[in-house]
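Chemist: Next one to model:
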Amino acid sequence: MKKRIFQSSVLFTLALCFSATTYSQGGASAKAVTDGVKDPTPATAITATTAPVDLARAALAAQGGEKLKAVKNMILRGSVDLYPPNSTQAIPGGFVIVTAGDKLRSEVDARPAISFKQIYDGQQSYSSLPGVDLPPLTKFGMNLLMRYDQVGYTVSAIPDKKKLRGFRISDAAGNVTDFYLDATTGRVMSFSIPYSGYTFATEIKKFKEVDGVLVPVNFTQRLEMPQGAFFADYSVKDVKLNTPMGDDVFAIPN
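Modeler: Numbering: from 1, shown residues only. Just a heads-up that it's a prediction; the model follows:
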């Protein structure tokens, strides 16, 4: 049981890595809470006939646009409750996520049940668990959205989900992220990432604006597994953007 929980939690860490690079994700419902900012109106009205590429453009603008692109690094600290398949008993712990461009450092501490560390220095990855590799962060999530209009990236239509408009962005290598946005605000309200035979789904319950960029402060991730669904509920307690830091933060242990 502990081994299965451990491996599942590692997969969720990968999903958290993807979502951490977004700096801003909306929730599954248009009723998601925003701290300190009113829901904006997108620059371009979103309708049932709005083209996928225009949805991507509106989504990027709503998430922070050029301010989002200008973020040099981000640090998220908080608590996490992990729910193994078919269990209502949470495994509580804490997490720290540090991102800077393509670099990432992620730590989850839910001892005595689970504790692990992952680092990606932009070229190679390290995990305290053997056999776990991090993909390049530019391949998924908001980093993919920020490249939607570049050569080699394709924006296509997917079925809408309830009241949310859907669109897909894929790169030349076939890496995919599905986005769902609120037509009223243009904000991405949920996203899913197929990776390594799994699909990671993220829904945000609460987020706030920090220096013009939306940051997730309460979100849930779900991973469907043969033995059932694995859930992780994250609560961000501290957010720092563009903090001076040395390269040793992302140093691979010898």
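
Chemist: Now do the contacts for residue 238.
Modeler: Contact analysis of residue 238 by Cβ atoms under 8 Å, 6 or more residues apart in numbering lists 75-78. Yep, even glycine has a C-beta here, placed from its N, CA and C like the rest.

Chemist: nearest to residue 60, of those?
Modeler: Nearest to residue 60 among the contacts of residue 238: residue 76, at 20.7 Å, using Cβ to Cβ.

Chemist: beta partners of that closest one?
Modeler: Per DSSP bridges, the residues bridged to residue 76 are residue 97, residue 239.

Chemist: where does the stretch 51-200 of the chain have low pLDDT?
Modeler: Applying pLDDT under 70 to the stretch 51-200 of the chain flags the ranges 130-135.

Chemist: would CSV of the contacts of residue 238 with neighbour count and distance to residue 97 be doable?
Modeler: CSV is the format used below for the contacts of residue 238 (neighbours: other Cβ atoms under 10 Å; distance: Cβ to Cβ, whole Å):
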residue, neighbour count, distance to residue 97
75, 19, 7
76, 23, 4
77, 15, 8
78, 17, 9
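
Chemist: out of these, who's nearest residue 218?
Modeler: Looking across the contacts of residue 238 and measuring by Cβ to Cβ, the closest to residue 218 is residue 78, at 8.9 Å.

Chemist: Any figure for the gap between that closest one and residue 205?
Modeler: 13 Å (Cβ to Cβ, to the nearest Å).

Chemist: Which residue ranges of the protein form strands?
Modeler: In the chain, strands defined by DSSP state E lie at 33-35, 74-83, 91-100, 103-110, 114-120, 125-127, 154-157, 164-170, 176-182, 188-195, 198-210, 213-225, 228-241, listed in chain order.

Chemist: Thanks a lot, catch you later.
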